[in-house]
Each structure stands twice: as structure tokens, then as C-alpha cells.
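one predicted model, sequence on top.
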Amino acid sequence: MEREPVGVREPAGTRGIRELAGKGKVGEPAGNSSVGELEIMKENVLNFMLNNPYIVKACEVPEEMNFLVNDVPLLAMEYCSGGDLRKLLNKPENCCGLKESQILSLFSDIGSGIQYLHENRIIHRDLKPENIVLQDEGGKIIHKIIDLGYAKDLDQGSLCTSFVGTLQYLAPELFETKSYTVTVDYWSFGTMVFECIAGFRPFLHNLQPFTWHEKIKKKDPKHIFASEEMTGEVQFSTHLPQPNSLCSIIVEPMESWLQLMLNWNPQQRGGGIDPETSRPRCFLLMDHILNLKIVHILNMTSAKIVSFLLHPEESLHSLQSRIEADTGISTGNQELLLEMGLSLDPRKPASQCVIDGVRGWDSYMVYLFDKSKNVYEGPFASRSLSDCVNYIVQDSKIQLPISQLRKVWAEAVHYVTGLKEDYSRLFQGQRAAMLSLLRYNANLIKMKNNMISASQQLKAKLEFFHQSIHLDLERYSDQMAYGISSEKMLKAWKEMEVKALQCAEAGDIGYLDEQIMGLHTEIVELQRSPYARRQGDVMESLEQKAIELYKQLKPRSPDHAYSDSTDMVKIIVQTVQSQDRVLKELFGHLSKLLGCKQKIIDLLPKIEVALNNIKEADSSVMQMQGKRQREIWHLLKIACVSDFRIERATFPLGSQLPTQPLLSWWKLLVRTYTTDPRRAAWTSDAVIINTKAVS
């Protein structure tokens, strides 16, 4: 790393570095220090000056270590446990590039780190996978730039001796010993990102540096990829090679960004400065790519992923209309489930499908189901083979050069891994369906408990009502001969008794309880089924075999010999057969899940109706009970008023009234006055009191 070259005002930070180096404040006095020592000192000072989460931090050297005898100054830096980017890229499963989530994470982190360096007028000059380290911070992988001390002169001699392994990422102007600017980091960054996407560097990565320089300098400004034909002719392209893991929405803007970063002309590289923001256009485009809100939807009826770029404030209905146009599943039949089995809320915007800070279709998915289908036969056709892989599948015994075979087998490993991951995503969709079923079942249990509770309350009230009305009718019959009678009231009470029997029918929920218990049994069996758990062990084993074959091939010299692909093709065929088997099992189990869920959906309205009927019956019972009680109290009121009138008529004004309850006195007086009908001829509220009670 170094500061901007001649022609740019030297900032105070640079003077500070030189002063510290000259005065020996980092280690011992540096007046006679070697160039290597000076660079270590400069790197140490730079690390202490910089404060950015994507630049590795310098640490104080423990005092105990200052007494160690050493020829060079000590440099302490934070420990990053994830290794470097080269280690990640060298994994066989990444031979065709990293996953989209990994690419975008590195794109964001290293892009931010480079911007920070350039804003502080620092050029790194040696950006490469070996100088990018990974750190796990709270479960999230952070990428950090290291090696801030690279500032060696680049002459024709040093190019071939001091920078072996680094040259592939150097900007062209550094080969030509021309003056340079921050755009040298753009070239290196673009080369790294391309390699993360495709699994190899963009421009004839197997050629020696000077041969490479002569061929690649002929490319057009928008060329981002070059390949050499068997004839030796170089073919350039403006597009990313296949296979890669980027979704279709990101591919085009990413190609545009790479065209800016891999421009041979250093003055045009990066797109220049945007006059409105005073920022390089390449970083504006980078921010645009990172800010894209993309929803990735796995269609469970076809096993295909469809991606949609969300518009600002787009409604869920609008997104569903686009899904219908793409998949043919009508909006009314679409069920969109998140990974935890939650259904999308139609009242919320479509942005509920994405999580802030989570990028890449491999890290978050929405699952689409067709509610008009309860049986999913499943798509049993495997993903299509690339041309290279199809070539060896058609003739596995054909002999190919090791150099060519390495590329073909890399794509074969990518294909086998892809088959395994296709199954994993579909299993994740099945799991979302199971979690959704369990949520429906929880709602069913809640409604069932409410229904049973309401039914039990109704039965208790009916039992009380029956006992009460039987007692009332019995007592009414006992006093009819000498008390109060009302044919109208008696008829109403008997009608209540009949209606109460009808209300009891509403509380009969045995048939629903049987259906619910049957569903619970089905759900338990589905949960215990072996198909409720991952069945991809065989595919994972085959993937490891493919990786091991690729590992054995990789160390061989390209000129060693030719070889066939019999073993690799055998693994491909076995993986396809294994996927076909597990997908049949998966979709069979999924169909049972969806069928069980449909039964719950059909049963819920019936429970709702039963619950409403119980509530109505309960209300009717309470109304009948209240009506009967009001009638009894009304009769009591009439009896009391009538009794009082008799008493006042019997005893002289001012005399002491009896202390016995009035109603008893009234009954006594009724019997006393039966000999004289004229004296007991009062009428009150349609009740006539005379020699006998008549209504």
C-alpha cells in the first residue's frame, strides 16, 4: 500500500509515517533500516491510523515481547479466525464460484474498505484473495483487507522475482511502469469479484504475465472475460461465463460494474467521478446493486426459482399478479410461506418477503404453493447439464487433456452439488409446509378447546335450567288449587322446556371431536414419518466422492496425460437417480401434509358454525331463564300487592298488622272469605281473587 504518487498533495498522515520511520518510533531507529523494516513500520503506523471495520486493526505489542531479540520490528494485528479468501476459493465445492450471498457480502465489505482507503488518499496496490481475511462476528462473516505495507518498486526484474502469484491481479499500467492512481485498486478489486463469481480470473489466467499482457491489451473497454479456443484464438466477451450462482436480476448490473472496473484504460476505469455526488461511478453502481430489493420464490409445483425486483412500496397483491404472470398460478390460489411456515400478510407491502441486510437467493427464500392442488406429483426432471458435462456424459470414455478435464470436472462437481442443493431447498419448502400445518393445527386445537368449553358451559346451564323448570312446574301444580294460576304462563314454560331440549342438540359436538382426533393422529404420524427428515445422505456422500475425484485430478500437471471421465459420470448418474428417488418421497410426503392441512381448512368453518350455534343456544337458555324468573317475580309482586289490599281491607285503620309474611296472610284470607264472594272480588293485573284462583 502507498499514498498517491507525485502530483497529489501529501497529507499530514504520510508525513507522520515518514517522521515515525525516520525517528525510529516503531521499533528501533530506522536510519540504517532495510526497506523491509521500513515497510513493516509504515504498515504498523497505517494500521493504527485507520479505523474501519473492513480494514484489519493493529494492536499494541505486549511489553514482554519488546525484549525479544529480533532483526525486524514486531507487528501485532487482530486475529481473524476464518482464514483468507484464497483458502475459501480453493475449496473444490467453490470451483465454479462462490454462492451469491458470499459474493455480495465480499462485494459490500471490500468495496467499503477500498472506498475508505481512497478517501484517506491511500492506494493498496496489492489487492488479492491472499490479502482478504475472514472474521466471524456474531455469526456474520466480515471480510477485512490486510497487508498495508506493499510499496516495492515494480521494474522488469522485480516483476518476475518478487511478485510471483500477485501479478494476476495487478493493473496493466503497473506492468508498464507508468504512473498510476487509485484505479489500480479498481482493476484488482474487479478481478477478485470476477473470480468469486466464476471460480477463475477473467483473462486467460493460465498464461504467463507478459504473454497475458500482449493478448489482453487488445480487448475492448467492455470486455470482462476472455477464453482461448483450441486453435489458440482468444475470444472476448462482455458477459459473465456460466455456470455461476448469480440470479438473473443481478447479472446485468454486475456485468456493467465489471466493465467499469476491468477497463484497460486507467483514466476510464471506474467510470470517472459523478459530478452530482463527487463519488466514483463504480461505487455508485456498487451501492445500487447492493440496495436492490429482490425476492426469491421457490415454486414448489415446478421446483424452479423465480426472482422479482421489488418496486418501492409495492403491495403484496402487485407482486402476486407478477407471480401469476410468471408461474400461471392465480393470485387466489397462491399461498406464499416464509421459512418458519408463516403466511404473508396481505395488508403489508411486498417488502415483507425480504430481510434487511440479508442478500442472496441461497440465504433466504419464499415458498410458493398452489392451493388448488392437494397432490404434488413433483418435477422429477433434473437440472439441465452444461454443454461440457453433457459432452462427457454422452461418452464417458473419451480421452481429454488434463487441463481441459479440470474445467469439465469442475462443472461436474458444480452440477452434483447443485442437485443436492435443489433437494435441500425443496426439503426446506416441505418443512415450511409442515410448520404451516402445525400452525393451522394449533389454531384448530384452540378453536376445539373453545368449542368444548362452550359446550360444557351450555350443558351445565341446560341442566340447571331443566332442574329449575321442573321444580317450578311441580310447585306451580301444587298451588294451583288455592294459589295463582296462569294458563298462558304455563304454556310458555312448557314451550321453554321443549326449546331447551332443542338447545341441547347444539351442544352435541361428538362428530366434530372425532374428526379432530382423527386429524391429530394423522399429523402425529406425519411428524414421525422418516420422510419428515432429510433423506439426502446418499447425495451428500456422492457429492464428497465427486469432490475427492476433482481433488485427485487437480494436482496433476496439464502436460502429464489424457484421461477419461468414467468415474465422474458414474457419480453424476448415481446422483440423478438418488435425487429422483428422494424427490418422489418428498413430494409424496408433501401431498399428505397439504391434504391434512386442507382437512383442517375445511373443518375450521364447521367448528366456527358449531361454536356460534352453541353461543346462540347458550343465549337462548339464559333468555328463557331470565324470562321465567321475571314472570315468577311478577307473580310474586301481584300476590304481595293483592295480599296487602286484603289485609288493609280486613283490619281497621290504625290497627296493628300481622307480622306473618304477607303472602301467608293472603292465602289465609282467601280461604276465610270463600263464604262471601262479594268481599273477595278485587281484580289486579289480570289475576282474579275469589273463592278460587282463576286466570
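Everything's here; your move. Residues are numbered from 1 along each chain as shown.

give me the distance between stretch 244-262 and the centre of its chain.
The chain centre lies 24 Å from the centre of stretch 244-262; the measure is C-alpha atoms, centre = their mean, to the nearest Å.

which parts of that stretch are buried?
Neighbour counts over stretch 244-262 (16 or more other C-beta atoms under 10 Å) mark 244-247, 249-250, 254-262 as buried. Just so you know, the C-beta spots here come from the backbone N, C-alpha and C atoms, and that holds for glycine as well.

and for stretch 328-337, what's in contact with it?
With contact meaning C-beta atoms under 8 Å, 6 or more residues apart in numbering, stretch 328-337 is reached by 297, 299, 301, 317, 320-321, 323-324, 343-344, 353, 366-372, 429, 432-433, 436.

please redo it, this time with the cut-off set to 7 Å
Applying C-beta atoms under 7 Å, 6 or more residues apart in numbering, the contact partners of stretch 328-337 are 317, 320-321, 323-324, 343-344, 366-372, 432-433, 436.

in strands, which of the buried residues of stretch 244-262 fall?
Using DSSP state E, no member of the buried residues of stretch 244-262 falls in strands.

domain-wise, how is the protein divided?
Domain assignment of the chain by automatic domain parsing yields the ranges 83-289, 293-373, 394-620.

export these as CSV, with columns for mean pLDDT and distance to residue 638.
Shown next, in CSV, are the domains of the chain (pLDDT from 0 to 100; distance: least, C-beta to C-beta, whole Å):
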stretch, mean pLDDT, distance to residue 638
domain 83-289, 86, 81
domain 293-373, 91, 59
domain 394-620, 84, 7
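
and stretch 192-206, end to end?
One end of stretch 192-206 sits 16 Å from the other (C-alpha to C-alpha, to the nearest Å).

pull the residues that contact it.
89, 94-98, 103, 106-107, 127-129, 168-169, 191, 212, 215-216, 224-226, 228, 234, 240-241, 244, 246, 258, 262, 410.

would you mind listing which of those residues are buried?
Among the contacts of stretch 192-206, those classed as buried by 16+ other C-beta under 10 Å are 89, 94-98, 103, 106-107, 127-129, 168-169, 191, 212, 215-216, 224-226, 234, 240-241, 244, 246, 258, 262, 410.

now the helices for the stretch 501-650 of the chain?
Taking DSSP state H, counting those that start in this stretch to define them, one finds helices in the stretch 501-650 of the chain at 510-528, 537-553, 566-650.

remind me what the helix or strand in which residue 420 is found packs against, helices and strands.
Here residue 420, judged by DSSP states H and E, is contained in helix 402-479. The elements that helix 402-479 packs onto, with contact taken as 3 or more C-beta pairs under 7 Å, 6 or more residues apart in numbering; DSSP states H and E, are strand 334-337, strand 366-370, helix 387-394, helix 487-506, helix 510-528, helix 537-553, helix 566-650.

ranking those by burial, who's on top?
Comparing those by mean neighbour count (mean count of other C-beta atoms under 10 Å), strand 366-370 ranks first with a mean of 22.

paired strands for it, with orientation please.
Taking DSSP bridges as the criterion, strand 366-370 sits next to strand 294-299 (parallel), strand 334-337 (antiparallel) in its sheet.

which residues does stretch 214-231 contact?
Applying C-beta under 7 Å, 6+ apart, the contact partners of stretch 214-231 are 172, 194, 202-204, 234-238, 240-241, 255, 258-259, 262-265, 268.

and the angle from the helix holding residue 420 to strand 294-299?
The directions of helix 402-479 and strand 294-299 differ by 80 degrees, with axes from the mean of the first three to the mean of the last three C-alpha atoms, to 10 degrees as the criterion.

number the residues from 8 up from this point.
Understood, numbering begins at 8; the last thing we discussed is helix 409-486.

gap between helix 409-486 and the chain center?
Centroid separation between helix 409-486 and its chain, computed with C-alpha atoms, centre = their mean, is 21 Å.

out of the helices of the stretch 508-657 of the chain, which comes closest to residue 293?
Among these, the nearest to residue 293 by C-beta to C-beta is helix 544-560 (32.5 Å).

CA atoms only: put the closest one into CSV for me.
The C-alpha coordinates for helix 544-560 follow below in CSV (Å, rounded to 0.1, in the frame of the first residue of the first chain):
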residue,chain,number,x,y,z
ASP,A,544,-27.4,-38.5,2.9
VAL,A,545,-26.7,-40.5,-0.2
MET,A,546,-26.5,-37.4,-2.3
GLU,A,547,-24.1,-35.8,0.2
SER,A,548,-21.9,-38.9,0.0
LEU,A,549,-21.9,-38.7,-3.8
GLU,A,550,-21.0,-35.0,-3.6
GLN,A,551,-18.0,-35.9,-1.5
LYS,A,552,-16.9,-38.6,-3.9
ALA,A,553,-17.1,-36.1,-6.8
ILE,A,554,-15.1,-33.6,-4.8
GLU,A,555,-12.4,-36.2,-4.0
LEU,A,556,-12.1,-37.1,-7.7
TYR,A,557,-11.7,-33.4,-8.5
LYS,A,558,-9.0,-33.1,-5.8
GLN,A,559,-7.1,-36.1,-7.2
LEU,A,560,-7.2,-34.5,-10.7
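
contacting residues around that helix?
Taking C-beta under 7 Å, 6+ apart as the rule, helix 544-560 contacts 99-100, 102, 409, 412-413, 416-417, 419-420, 423-424, 426-427, 430, 574-575, 578, 581-582, 585-586.

all helices of the stretch 58-207 of the chain, in order?
Ranges of helices in the stretch 58-207 of the chain, per DSSP H, counting those that start in this stretch, are 92-96, 107-126, 163-168, 179-182, 190-205.

now do the buried residues in the second one.
Buried residues in helix 107-126, counting neighbours by 16+ other C-beta under 10 Å, are found at 107-125.

how far is that helix from where the chain is centred?
Distance of helix 107-126 from the chain centroid (C-alpha atoms, centre = their mean) equals 24 Å.
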